[in-house]
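> sequence and predicted structure, then a few things I'm wondering about:
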Amino acid sequence: MTTQKKLVLFIVMLSYFVTAIDCSIIFTGEVKIAADLALDQTSLSWVQNIYVLAYGGLMLFSGRLGDAYGRKSVLNAALVLFCIGSLLAGAAWSVPLMIGARFLQGVGAALLAPTALALLMDYFDGQERVTAIAWYSSVSGLGMCVGLVLGGAFADFLSWRYGFFINVPLTLLMLFISCRTLRKGNCAQARFDIAGTIYSIVAVFSLVYAINGAQEPLLWLAVAAGGLAAFVRTEKRAPFPMLPLRLFTAGFRSRAYIARLLFAGSMMGYYFFVSQYMQEIFRFTPLQVGFAFFPLTLFTFAGAMLVPRLTLAWGDGKTLFAGFSLLSLGFAIAAFWHASPSYWSAVAVPMALLGLGQGLATSPMTNLGIKNVMLEDAGAASGMVNVAHQIGCSIGLSVMVAYNANVADIALIYRNSMLIALLLIAAAFTVTLFKRS
């Protein structure tokens, strides 16, 4: 790789790293965050959900912004918003301010993620792109686990607030490198699909709210269905659609998006509940919980590093099959072996399997989600990959929280959640078994 390509890859990886950290850093500190801000389980889940809702709901629109106005301009705007949101979240003294700050972070992340992924399509081709995406994917698990360790360390020795403040120097570093390294690129001034954006946000928000928090869930489900129908109708007619429906004409891409959504829902629930499980059952401190995630970190990274060789030998489909097989086994052990008094057998063993499975599965799903798209759809395709992931996170976590709403025993909550995660992965596994066209 040239020096420019190395710096581009560094920016892309660091952007994914920062958003992954931000997604996970509250988990090891969530007990103290809840205590300081007087949050119940539902309110605490919405501190996370509002972030992923903004992240997922605006990502398609953000991908189109990058296509129209250039990756560099949109990336820099994203970094500024994310930096401001992180400052506000760290300083939050009330629930409304925390949720508002997390929303602003989500908007910044929504601009950042698809733009960064599209940079890989702009600067890399062929096997070099496969390798770059493998490195990109490895950062997700690494960032999640680093976030858990940092969150635990800050919660134990300083304050959970520093978990948000740490984003500030990282985003400023990325902003500096972006201004010095990225080319401005071509801009195709285009009208934007505002109606499609509004309908997609209404559909996603209503669905998640119906699952977790609504007093009249059937009404909100109906609103979600109406929003989705209006969105599809709008995209068919729009001269500049936010989500070109031609992306779904290739069956392998559609199945990759569905599998990504189900996979993300299972893993988000795992992160959310295993952190509480270890703190309450094993009496781990937040810092110990962070270190207890090392098996996931190491095996995720190892799996991601195997991907370039495996996809070259097996292709994306068989590599994805292997990843989902390991994920299924890991969730099965977590669901049915959880009563063990030992961290190593109850948590570390399934965590290692989940990490290896996550490392093997993430890159092929990303590859298939952006494969063979036209250059003008690069941002939209990248956005769809990230939308599937973030919306899956929100829906998966919401289903688990709602199912356990009247359960007080953390061991039972954890078992129920791992069973749901196993069902989600089984569904994703089934989707990948269809003929790949």
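Good, I have the coordinates.

> surely Gly355 and Leu298 touch.
Yes. In terms of CB atoms under 8 Å, Gly355 counts as a neighbour of Leu298; the distance is 6.8 Å. C-beta coordinates here come from the backbone N, C-alpha and C atoms, glycine included.

> which one's more surrounded, these two?
Each of Gly355 and Leu298 has its neighbours counted (other CB atoms under 10 Å); Gly355 has more, 27 against 18.

> for that one, which non-adjacent residue is spatially closest?
Phe299 (3.2 Å; CB to CB, 6 or more residues apart in numbering).

> remind me which helix or strand that neighbour belongs to.
Taking DSSP states H and E as the criterion, the element that holds Phe299 is helix 294-314.

> okay, strands next: where are they in the stretch 301-437 of the chain?
Counting by DSSP state E, counting those that start in this stretch, one finds no strands in the stretch 301-437 of the chain.

> so where's it shaky on pLDDT?
Judged against pLDDT under 70, the low-scoring parts of the stretch 301-437 of the chain cover residues 338-340, 375-376, 379, 434-437.

> where do the helices sit along the stretch 101-250 of the chain?
Remark: helices assigned in the stretch 101-250 of the chain by DSSP state H, counting those that start in this stretch are 126-157, 162-165, 167-181, 194-211, 217-237.

> Phe291 is nearest to which of the ones you listed?
The minimum distance between Phe291 and these falls on helix 126-157, with 6.2 Å, by CB to CB.

> sorry, back to before: show me how far the helix holding Phe299 is from its chain's centre.
A distance of 18 Å separates the centroid of the chain from that of helix 294-314, by CA atoms, centre = their mean, to the nearest Å.

> does anything pack onto that helix? Which helices or strands?
With contacts defined as 3 or more CB pairs under 8 Å, 6 or more residues apart in numbering; DSSP states H and E, the secondary structure elements packing on helix 294-314 are helix 126-157, helix 316-336, helix 349-370.

> after the strand or helix carrying Lys32, next one along is what?
Under the assignment given by DSSP H and E, the secondary-structure element containing Lys32 is helix 3-37. Sequence-wise, the next helix or strand downstream of helix 3-37 (DSSP H and E) is helix 41-57.

> show me how far that following helix is from its chain's centre.
In terms of CA atoms, centre = their mean, the centre of helix 41-57 is set 12 Å apart from its chain centre.

> avg pLDDT for it?
Mean pLDDT, taken over the full extent of helix 41-57, equals 72.

> surely Ala109 touches Ala20?
No. Using CB under 8 Å as the test, Ala109 is too far from Ala20 to be in contact (9.9 Å).

> between the two, who's got more neighbours?
In this view Ala109 and Ala20 are compared by other CB under 10 Å, and Ala109 has more residues nearby, 31 against 20.

> just the pLDDT for the more buried one.
As summarised for this prediction, Ala109 has a pLDDT of 85.

> quick one: contacts for it?
Shown in contact with Ala109 (CB atoms under 8 Å, 6 or more residues apart in numbering): Thr19, Asp22, Tyr51, Ala54, Tyr55, Ala78, Phe82.

> and the third one, how many neighbours?
Put plainly, it is Tyr51. Tyr51 sits with 29 neighbouring residues when counted by other CB under 10 Å.

> now it: how far from Ile25?
11 Å (CB to CB, to the nearest Å).

> also Leu37?
In this structure, Leu37 and Ile25 are separated by 15 Å, where distance is defined by CB to CB.

> what about the two, which has more around it?
Applying other CB under 10 Å to Leu37 and Ile25 shows that Ile25 carries more neighbours, namely 29 against 18.

> in the stretch 151-300 of the chain, what spans have low per-residue confidence?
184-192, 208, 211-214.

> ok, back up a step: among the contacts of Ala109, which pair sits farthest apart?
For these, the maximum inter-member distance is 14.3 Å, found between Tyr51 and Ala78 (CB to CB).

> state the pLDDT value of Gly63.
The per-residue pLDDT of Gly63 was computed as 68.

> which one is Gln358 nearest to, not counting chain neighbours?
The shortest distance from Gln358 to any residue other than its chain neighbours is 5.1 Å, reached at Thr300 (CB to CB, 6+ apart).

> surely Ala238 meets Ile194?
No. Contact criterion CB under 8 Å: Ala238 and Ile194 do not qualify, at 9.6 Å.

> neighbour-wise, which of those two wins?
Ala238 (18 against 12).

> return the residues in contact with the nearest residue to that one once chain neighbours are set aside.
Across the structure, with CB to CB, 6+ apart as the measure, the residue nearest Ala238 apart from its sequence neighbours is Asp193 (4.8 Å). Neighbour list for Asp193: Phe61, Arg64, Thr234, Glu235, Ala238, Phe240, Pro241, Met242 [criterion: CB under 8 Å, 6+ apart].

> dump those into a markdown table; add distance to Pro364 as well.
Putting those into a markdown table (distance: CB to CB, whole Å) gives the following:
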| residue | distance to Pro364 |
| --- | --- |
| Phe61 | 27 |
| Arg64 | 25 |
| Thr234 | 31 |
| Glu235 | 27 |
| Ala238 | 31 |
| Phe240 | 31 |
| Pro241 | 27 |
| Met242 | 26 |
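
> next one: the residue with the largest distance to the centre of the chain relative to Ala292, how far apart?
For the chain, the residue at maximal distance from the C-alpha centroid (CA atoms, centre = their mean) is Pro341, at 31.2 Å. Distance from Pro341 to Ala292, counting by CB to CB: 15 Å.

> likewise Val223?
Using CB to CB, we find Val223 at a distance of 40 Å from Ala292.

> and those two? which has more neighbours close in?
Looking at Val223 and Ala292 with other CB under 10 Å, you find the greater number of neighbours at Ala292, namely 24 against 19.

> do I have it right that that one meets Arg283?
No. Distance between Ala292 and Arg283: 11.9 Å, which falls outside the contact criterion (CB under 8 Å).

> burial count for Gly369?
Once other CB under 10 Å is used to define contacts, Gly369 is seen to have 25 neighbours.

> my guess is it contacts Gly383. True?
No. Using CB under 8 Å, Gly369 and Gly383 do not qualify as a contacting pair, with a distance of 10.1 Å.
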